[in-house]
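> The amino acid sequence is not available; the structure is as follows:
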């Protein structure tokens, strides 16, 4: 039986990856390792928590000794590393937390993998999941490729860029078997509502302002989170060792156009007068170092591994809204306490 540790498996993207592997590969033992910070929620995985090939372990990747003990106990053949501090705004407020989790935490995992695997790397793999934000920003044209030079502009993207470099360095220095994926913006079920789409869904439901940074012209390439989980599965099993793969949807939207599309669908689904949600749009002061545009060239993963997104953005957005409308208890639970304090500080 293959044993795989998935870090950050109670988070937004991680929970979908855990579910993909637990259900698709019953012969794999999946160990979900998560610190359960504000963005980690075991309620994301209620449907699979009883599966015989699933185990949850609460651990912080910044605790090197604990991580090594866990690796010695479960002897994973593979590590899929998603655990990260990921919100740009939070990184501006507290950059050191991002250094600790994203850089030190990644190196702790690399060291633990190297120690338990010793000199025999056969059948072993460290899959590092990263972001397109490490590439910096684009103008009105062009796409990020796997050869694009790194140019991070926020403490978050700088910390992820550093972690990427460490993963590659362990491959080049120690021969550690690695693959990497750099993905565009994700959306979908279970997304913590500090990010744009779930934030707007929550605020429309509660008739609160929809905060849009600057002029709303910032552009992102959006990918449905379940399609990202499929891509991670593909690269983990069929990617070439030492290679990086960009994952995107060829699906660019300016923030303001995205929010207007979301408002339109929300009004329809809630039976409200068309244009009601749009009236909630409120422009707020732009954040420092805000990148203008991200866009992924996903040609490599498409040609080498046959990957294609399964849904259009409009369809994926509709599914996402439906999930939040059907799971308002989940939304209410995660928008209390610490999140409310953060929201007030960030947007008011």
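Yep, that arrived. The shown structure was predicted, so the numbers you read here are calculated from the model rather than taken from an experiment.

> elements contacting the top helix by length along the chain?
The residue-count maximum for a helix in the chain (DSSP state H) belongs to helix 155-174. Using 3 or more CB pairs under 8 Å, 6 or more residues apart in numbering; DSSP states H and E, the elements in contact with helix 155-174 are helix 88-93, helix 95-98, helix 105-117, strand 125-131, strand 178-183. The C-beta positions use only the backbone N, C-alpha and C, and glycine is treated the same way.

> Those: which one's closest to residue 286?
For these, distance to residue 286 was read as CB to CB. The smallest value, 11.3 Å, belongs to helix 88-93.

> Okay, buried residues for the closest one please.
88-92 (16 or more other CB atoms under 10 Å).

> To be precise, which single item in those residues has the lowest pLDDT?
Among these, residue 89 carries the weakest pLDDT, at 81.

> SS state for residue 272?
coil (DSSP: H, G, I helix; E, B strand; the rest coil).

> The one 3 residues further on now?
Put simply, residue 275 is coil when judged by three-state DSSP.

> nearest residue to residue 42 other than its sequence neighbours?
The shortest distance from residue 42 to any non-neighbouring residue, by CB to CB, 6 or more residues apart in numbering, is to residue 10 (5.4 Å).

> Report the contact partners of that neighbour.
32, 34, 36, 40-42, 44-45, 56 (CB atoms under 8 Å, 6 or more residues apart in numbering).

> Make CSV from the helices and strands packed on helix 155-174 and add distance to residue 231 to it.
CSV is the format used below for the helices and strands packed on helix 155-174 (distance: least, CB to CB, whole Å):
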stretch, distance to residue 231
helix 88-93, 22
helix 95-98, 24
helix 105-117, 20
strand 125-131, 10
strand 178-183, 7
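
> of those, which approaches residue 257 most closely?
helix 88-93 (20.3 Å).

> follow-up on the earlier one: and the contacts of residue 10, which of them are buried?
Buried subset of those (neighbour count, 16+ other CB under 10 Å): 32, 34, 40-41, 44-45, 56.

> Any chance you could list what contacts stretch 227-241?
Taking CB under 8 Å, 6+ apart as the rule, stretch 227-241 contacts 13, 16-17, 19-21, 24, 78, 80, 125, 127, 129, 171, 177-179, 181, 183, 186, 245, 247, 249, 301, 304-307, 309-311, 316.

> In PyMOL, how would I select the buried members of the residues you listed?
For the buried members of the contacts of stretch 227-241, the matching PyMOL selection, counting by 16+ other CB under 10 Å, is:
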select buried, resi 13+16+17+19+20+21+78+80+125+127+129+171+177+178+179+181+183+186+245+247+249+301+305+307+309+311+316
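
> Could you tell me which of the contacts of stretch 227-241 belong to strands?
78, 80, 125, 127, 129, 178-179, 181, 183, 186, 245, 247 (DSSP state E).

> just these now: which is nearest residue 266?
For the ones in strands among the contacts of stretch 227-241, the nearest to residue 266 is residue 186 (19.7 Å; CB to CB).

> quick one, what contacts the closest one?
Contacts of residue 186 by CB under 8 Å, 6+ apart are 12-13, 222-225, 228.

> Grab the nearest non-local neighbour of it.
The shortest distance from residue 186 to any non-neighbouring residue, by CB to CB, 6+ apart, is to residue 225 (4.5 Å).

> Give me the number of neighbouring residues for that neighbour.
By other CB atoms under 10 Å, 21 other residues sit near residue 225.

> Tell me the secondary structure at residue 86.
Put simply, residue 86 is coil when judged by three-state DSSP.

> Could you double-check that it sits in contact with residue 156?
Yes. The criterion here is CB atoms under 8 Å, and residue 86 meets it with residue 156 at 6.7 Å.

> on that earlier part again, and the gap between the residue nearest to residue 186 and residue 233?
13 Å (CB to CB, to the nearest Å).

> same thing with residue 10?
19 Å.

> Then residue 139?
33 Å.

> more neighbours, those two?
More neighbours surround residue 233 than the other of residue 139 and residue 233, with 17 against 7 (other CB under 10 Å).

> Quick one, grab the pLDDT at residue 329.
On the pLDDT scale, residue 329 is placed at 83.

> In which helix or strand does it reside?
helix 328-334 (DSSP states H and E).

> Residue 83 now?
Per DSSP H and E, there is no helix or strand for residue 83.

> Pop out the phi and psi values for the residue nearest to residue 153 when sequence neighbours are not counted.
Closest residue in space to residue 153, ignoring its immediate chain neighbours: residue 289 at 4.6 Å, by CB to CB, 6+ apart. Main-chain torsions, residue 289, degrees, to the nearest 10: phi 70, psi 30.

> okay, now residue 289: neighbour count?
Residue 289 has 15 neighbours, counted by other CB under 10 Å.

> can you tell me which residues contact it?
Residue 289 touches 92, 153-154, counting by CB under 8 Å, 6+ apart.

> Residue 219 too?
Per CB under 8 Å, 6+ apart, neighbours of residue 219: 252-255, 292-295.

> re the thing from before, gap between the helix holding residue 329 and the chain center?
20 Å (CA atoms, centre = their mean, to the nearest Å).

> Ok, stretch 34-44 next?
Distance, centroid of stretch 34-44 to centroid of chain: 13 Å (CA atoms, centre = their mean).
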